[in-house]
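A.B. asks: Generate a structure from the sequence data that follows.
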Amino acid sequence: MADVLYEIPGNPVPEQAVGGRFVAQDGKSIRFARFAATARPLKGTVVILTGRNECIEKYFETVGDLQKRGFGCAIMDWRGQGGSDRLLRNRERGYVKRFDDYVRDLGQFFEEVVLPDCRGPYYVLAHSTGATVALLAMPALVNRVRRMVLLAPFLALPGQRMSMRMVRRITTLLTLLGLGRLYAAWGPRPKQAAPFEGNALTSDPGRYGRYVRFCEARPELALGGPTIRWLRAAAIAAGTVSTPEFMARNMVPSLIVAAGADKVVSTRAIEAYARHLRLASLLTIDGARHELLQEADFYREQLLAAFDAFVPGTEDGATEPLHATTEPPAPQAG
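C.D. replies: Reported below is the predicted structural model:
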């Protein structure tokens, strides 16, 4: 596995790992891994869809949690990031022409890896960009996936920043001017990782530091900021999945989980979306930051408890609204 999956001290490759690659329709090489369950009874397979600038190794801990619950796991690196083929000569620029390319790769992943090699039934656990892709792919997944758990989907920018419609207009203009491959935000990956203090991703220093160390050991798997073309593709995808016509076609029971202290994507937009999506339940974990699966145990355990309650769930697909309002316990004196 050393030539496919990588580990560092504190982040070992999970048991029962099989890694490989498949060739996408346009010739791009896509890295994937699958992991068999390590506990019984066997409950099926969870397909994990990562966020932007993430890779398979970031989810080793989550894979282990799911294996112990009787689930196998299947995961891939999106084109343009992680160990999959990059799309630009400058490897650090986060780029994709359209999110439909992600959807197409996901469909091929099911056809060539998940369906033939992984035990059913199938579920999706998706984070941020991956959750947006899962929504976009939902019409194609309806006969393949029993349930989906979508974490902090990228539907809008947080706070009072510009709307996604305005983002789409501006990025479309810039793309037409030939600027689509320029950075839209953040720029190249910094030579030294940002300190834990003030980060918007997680309140857990251990998990934050673990991924920093991994990226230092394997810098070729990391990215810089997104390009203008990537942001345009994200804005188009968010607009597509938010139309009433698209939302009315959803037939996959879904649990949508929002992070109450998210500064990366809009929690308000996620909550509004979940209230209007067919067969959807909502869980807001107050105080949690964007990367829910990398969060402190206090928040992460709430998420895993909700996952356990929702997946595999009932046969009729009935769901109940969920809302967590707990705050961390106050520190004790002394």
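
A.B. asks: Secondary structure of Ala269: a helix, I assume?
C.D. replies: Yes: assessed with DSSP: H, G, I helix; E, B strand; the rest coil, Ala269 lies in a helix.

A.B. asks: which stretches of this structure form strands?
C.D. replies: 17-23, 29-35, 44-49, 71-76, 122-127, 145-151, 254-259, 280-285 (DSSP state E).

A.B. asks: So what angle separates the directions of the fourth one and strand 17-23?
C.D. replies: Our comparison of strand 71-76 with strand 17-23, counting by axes from the mean of the first three to the mean of the last three Cα atoms, to 10 degrees, yields an angle of 40 degrees.

A.B. asks: For the strands of the chain, could you give me CSV that also reports mean pLDDT?
C.D. replies: Below are the strands of the chain laid out as CSV (pLDDT from 0 to 100):
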stretch, mean pLDDT
strand 17-23, 97
strand 29-35, 98
strand 44-49, 98
strand 71-76, 98
strand 122-127, 98
strand 145-151, 97
strand 254-259, 98
strand 280-285, 97
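
A.B. asks: Tell me where the model's unsure across the stretch 101-250 of the chain.
C.D. replies: Where the stretch 101-250 of the chain drops to pLDDT under 70, the residues are 160.

A.B. asks: For burial, what's the neighbour tally of Asp204?
C.D. replies: Applying other Cβ atoms under 10 Å, we find 19 residues neighbouring Asp204. To be clear about C-beta, it is placed using only N, CA and C from the backbone, and glycine gets the same treatment.

A.B. asks: wait, it sits on Leu292?
C.D. replies: No: counting by Cβ atoms under 8 Å, Asp204 sits too far from Leu292 to count as a contact (10.8 Å).

A.B. asks: Give the residues shared as contacts by those two.
C.D. replies: Residues within reach of Asp204 and of Leu292 at once, by Cβ atoms under 8 Å, 6 or more residues apart in numbering, are Arg300.

A.B. asks: Now the strands of the chain in a markdown table, please, with extra columns for mean neighbour count.
C.D. replies: Output for these, formatted as a markdown table (neighbours: other Cβ atoms under 10 Å):
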| stretch | mean neighbour count |
| --- | --- |
| strand 17-23 | 16 |
| strand 29-35 | 22 |
| strand 44-49 | 25 |
| strand 71-76 | 26 |
| strand 122-127 | 26 |
| strand 145-151 | 24 |
| strand 254-259 | 26 |
| strand 280-285 | 22 |
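
A.B. asks: Could I get the ones you listed in JSON lines, plus columns for distance to Val96?
C.D. replies: Formatted as JSON lines, the strands of the chain follow (distance: least, Cβ to Cβ, whole Å):
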{"stretch": "strand 17-23", "distance to Val96": "17"}
{"stretch": "strand 29-35", "distance to Val96": "13"}
{"stretch": "strand 44-49", "distance to Val96": "14"}
{"stretch": "strand 71-76", "distance to Val96": "14"}
{"stretch": "strand 122-127", "distance to Val96": "16"}
{"stretch": "strand 145-151", "distance to Val96": "19"}
{"stretch": "strand 254-259", "distance to Val96": "23"}
{"stretch": "strand 280-285", "distance to Val96": "26"}
